[in-house]
Each structure stands twice: as C-alpha cells, then as structure tokens.
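Novice: build me a model from this:
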Amino acid sequence: MKIILLEDDELIAGEIKLYFEIKNHSVECYLNGEELLENANIYSNDIFLLDINMPIKNGIETLEEIRAMGVKTPAIFLTSMSDINTIKLGYEVGCSDYMRKPFHFEELELRINKLVLERSSKKIKLGPNQFYDTNSMELYDCEKIIDFSENEKNLIYYLVKNLNHVIHSNTLMDYVWDQRIVNSNTLRTQIRKIRSKLSYDFIHNIRGAGYKIEEFND
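Specialist: Numbering: from 1, shown residues only. Here you go, the predicted model:
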C-alpha cells in the first residue's frame, strides 16, 4: 500500500512513516500542502493522511485541490482541531474519515484498511476463465491461483484499481517500483512475464500512452 502523508510535525511524521514501513507499506511525507501538490504523484497512491492546520496551504485546501483534479482516493484528516465547523468543512471537500490527535497507530491502520478495502473489495472478471480478487490481490485463472512476484502483483493491482482507464507507463513504474529508477524496458519485461502465465491476455498496450485492463464482458 502507498500512503501520502501531509504532516508538518517531523516527529509525528517520522513515527507514522516508521510504523507503516515496518509493515511493508510505502509512506511519502510532505511538510506543507504546496510541496505535496507540486511533488507527489497524487494519482499513484492508496490513501491520503492529511493534517489540517498546516503552513502555506492547509490540509482542507490541499484536499480540495486534489478532489478538483478528479482524484477520488480515500483521505483521512489527522488533526487536533475539533470544532464542528472544521469537521463539516473537511467532509464537504471530500475527506473519508477524521481522527483527532493524539491517536493510536493501530486504530489508524484499521481505518485505513477499512477504507481501502471498501473501495476495492470485489471480484472482477478479466477473461473467459479469469477473475481478480481485489481484496486478496489474487488472480484466478481456470479456478487456479496464479503465482506472481510482488512486482507482478502490484502491477496488476494498480491496473485493476484503475479499471478501464489508460495508465501512463511512468505512473505505473512509479507505483510498482516506488523510489527505484527503472526504464520502460523493465516494465515491458515485467508485463511479458505476466502474460506468459495467463491463458488469456487481458493487459492492453495503448501505443504511446500506456497500459490498461478492461472488465471482461461475455
């Protein structure tokens, strides 16, 4: 899972980052809203964690701009602010949940998992005999689970998460390989390996644009 965190308290940000990275999640930290909007790949993550009271551009303003770009990724506000008007405004601009500081990391993790699974938990038909379980990230081909590497799993998951939409190669590489520098040859090689395991090729190469997966209709 990829998390984008907006938090100007470096101690709190460091603790959140450590907690989730120990659990093999990726956490990108930003100290103000402008920095996040200018540098984060907001289309390539699973959850936003946003403090409200921030310098330069606060969390509510930041989320409002994110939603204006058409990004529907779940967002949780993490804040010590508790007045009802602020909470109402947060939900109005598109937050999914709200947690008051201080909070337990275990509770935050439970809320994140609930939001991510609610958004994606279903079985999708990708081929005549292929179903993808977005909860377990497993592909069933002729009723057998296909054994994929971690990168292969993440690649399929991200394309399915954006079902019926073309994903640019750079965005796909950023999600799958995170901070590592790879090129388009690496991506093509990975997709060839996936295709070699499939009885039906459901990954569409859109020349000059990227890749997409479409839901299969009989």
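
Novice: worst-scoring helix or strand of the protein, pLDDT-wise?
Specialist: Per-element confidence for the chain was summarised using mean pLDDT, DSSP states H and E. The lowest value among helices and strands belongs to helix 105-120, with a mean of 84.

Novice: downstream of it, the next helix or strand is which one?
Specialist: Once the chain leaves helix 105-120, the next helix or strand it forms, by DSSP states H and E, is strand 123-127.

Novice: domains for this protein, by residue range?
Specialist: 2-119, 122-213 (automatic domain parsing).

Novice: helices or strands up against the least confident helix or strand of the chain?
Specialist: helix 10-22, strand 47-50, strand 75-79, strand 97-100 (3 or more CB pairs under 8 Å, 6 or more residues apart in numbering; DSSP states H and E). Glycine gets a C-beta too; all of them are placed from N, C-alpha and C.

Novice: redo the ones you listed as JSON lines? Include mean neighbour count and distance to residue 194.
Specialist: Output for those, formatted as JSON lines (neighbours: other CB atoms under 10 Å; distance: least, CB to CB, whole Å):
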{"stretch": "helix 10-22", "mean neighbour count": "14", "distance to residue 194": "27"}
{"stretch": "strand 47-50", "mean neighbour count": "24", "distance to residue 194": "25"}
{"stretch": "strand 75-79", "mean neighbour count": "23", "distance to residue 194": "31"}
{"stretch": "strand 97-100", "mean neighbour count": "16", "distance to residue 194": "34"}
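
Novice: closest one to residue 217 among the ones you listed?
Specialist: strand 47-50 (30.5 Å; CB to CB).

Novice: each with direction, which strands does the closest one pair with?
Specialist: In the sheet, strand 47-50 lines up against strand 2-6 (parallel), strand 75-79 (parallel) (DSSP bridges).

Novice: TSV for these, including distance to residue 65?
Specialist: Shown next, in TSV, are the strands paired with strand 47-50 (distance: least, CB to CB, whole Å):
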stretch	distance to residue 65
strand 2-6	12
strand 75-79	12
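
Novice: of the ones you listed, which is nearest residue 22?
Specialist: When these are ranked by distance to residue 22, counting by CB to CB, first place goes to strand 2-6 at 12.9 Å.

Novice: what residues does that closest one touch?
Specialist: 13, 16-17, 20, 25-30, 32-33, 36, 40, 42, 44-51, 54, 59, 62, 112, 175, 178 (CB atoms under 8 Å, 6 or more residues apart in numbering).

Novice: same thing but 6 Å
Specialist: Contacts to strand 2-6, defined as CB atoms under 6 Å, 6 or more residues apart in numbering, come from residues 16, 25-30, 36, 40, 45-51, 59.

Novice: same question, stretch 205-218
Specialist: By CB under 6 Å, 6+ apart, the residues outside stretch 205-218 that reach it are 124-127, 159-160, 163-164, 166-169, 202-204.

Novice: and residue 156, how far is that from residue 136?
Specialist: 12 Å (CB to CB, to the nearest Å).

Novice: more neighbours: which of those two?
Specialist: Neighbours of residue 156 and residue 136, each counted by other CB atoms under 10 Å, are more numerous for residue 156; the result is 23 against 12.

Novice: contacting residues around the helix or strand harbouring the more buried one?
Specialist: For residue 156, the element it lies in under DSSP H and E is helix 150-161. Around helix 150-161, the neighbours that count as contacts under CB under 6 Å, 6+ apart are 132, 137, 175, 176, 194, 213.
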